[in-house]
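Enquirer: the sequence and its predicted three-dimensional model are supplied below.
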Amino acid sequence: MPQPHPDSPGVLVTCTVVTVSDTRTLETDKSGQLIQQLLLGANHAVAAYTIIKDEPAQIQRQIENLGKSSNLDAVIFNGGTGIAPRDTTYDAIEKLLDKTLPGFGELFRFLSYQEIGSRAIASRAVAGVYQDKLIFSLPGSSNAVRLAMEKLILPELTHLVSQVCKGVK
């Protein structure tokens with residue numbers, strides 16, 4: 001699909017990957033590992049990777065701390081975006097965003113619907129900007145992560161960072 005404004009080639013985007021889970025470990029976190037793999041494969045940098053519990057205060061502290069980092073462009077969360085009682089990532093993140101990107105969640109659910117059908121309505125994937133950092137929040141499923149990364153995030157990451165950071169860096 002043609003892009004209206006081609007990105008500058010070779011722009012490095014520095015990202016942090018955060019898995020939100022009460023059960024995953026560094027060894028069992030396939031989605032967090034996949035995000036890192038795809039970022040590195042697209043010639044972006046992974047500054048940090050961590051796993052935190054699905055606790056709203058912990059998620060918000062993580063965002064606030066990362067928002068202070070001057071060498072970070074984007075944070076990609078995975079996990080906790082459903083509607084189960086312990087799924088609190090969306091609620092914690094959405095409250096902090098300075099700007100939202102409604103199209104991200106809408107397109108993600110549309111693409112998910114094409115793959116998994118009506119179950120896509122349970123996803124609360126969200127994206128936006130906090131403290132001049134792009135924030136993406138994806139489901140914890142590796143299939144959902146691959147879909148979001150390959151179809152939405154990686155094709156637009158450089159462009160979105162350039163828009164957020166105009167005049168900031």
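Expert: Ah, there it is. Numbering: from 1, shown residues only.

Enquirer: in this structure, which spans are helices?
Expert: When assigned using DSSP state H, the helices of the chain occupy the ranges 30-41, 56-67, 89-94, 102-116, 142-148, 154-164.

Enquirer: between those, which one is nearest to residue 75?
Expert: Between residue 75 and the helices of the chain, the shortest gap by Cβ to Cβ is with helix 56-67, which sits at 5.3 Å. Just so you know, the C-beta spots here come from the backbone N, C-alpha and C atoms, and that holds for glycine as well.

Enquirer: give the buried residues for that closest one.
Expert: 59, 60, 62, 63, 66, 67 (16 or more other Cβ atoms under 10 Å).

Enquirer: ok so, going back, deepest in the core, which of the helices of the chain is it.
Expert: Comparing the helices of the chain by mean neighbour count (mean count of other Cβ atoms under 10 Å), helix 89-94 comes out on top with a mean of 22.

Enquirer: just checking the distance from it to the centre of its chain.
Expert: 12 Å (Cα atoms, centre = their mean, to the nearest Å).

Enquirer: next one: stretch 63-79
Expert: So, by Cα atoms, centre = their mean, the centroid of stretch 63-79 is 10 Å from its chain's centroid.

Enquirer: buried set for that stretch?
Expert: For stretch 63-79, the buried set under the neighbour-count rule, 16+ other Cβ under 10 Å, comprises 63, 66, 67, 72, 73, 74, 75, 76, 77, 78, 79.

Enquirer: farthest pair within those?
Expert: Of all pairs in the buried residues of stretch 63-79, the most separated under Cβ to Cβ is 73 and 79 at 21.2 Å.

Enquirer: which stretches of this structure have low pLDDT?
Expert: For the chain, the stretches with pLDDT under 70 are 1-10, 166-169.

Enquirer: let's go with 90 and repeat that
Expert: 1-11, 165-169 (pLDDT under 90).

Enquirer: in CSV: the helices of the chain, plus distance to residue 24.
Expert: Formatted as CSV, the helices of the chain follow (distance: least, Cβ to Cβ, whole Å):
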stretch, distance to residue 24
helix 30-41, 7
helix 56-67, 14
helix 89-94, 13
helix 102-116, 21
helix 142-148, 11
helix 154-164, 23
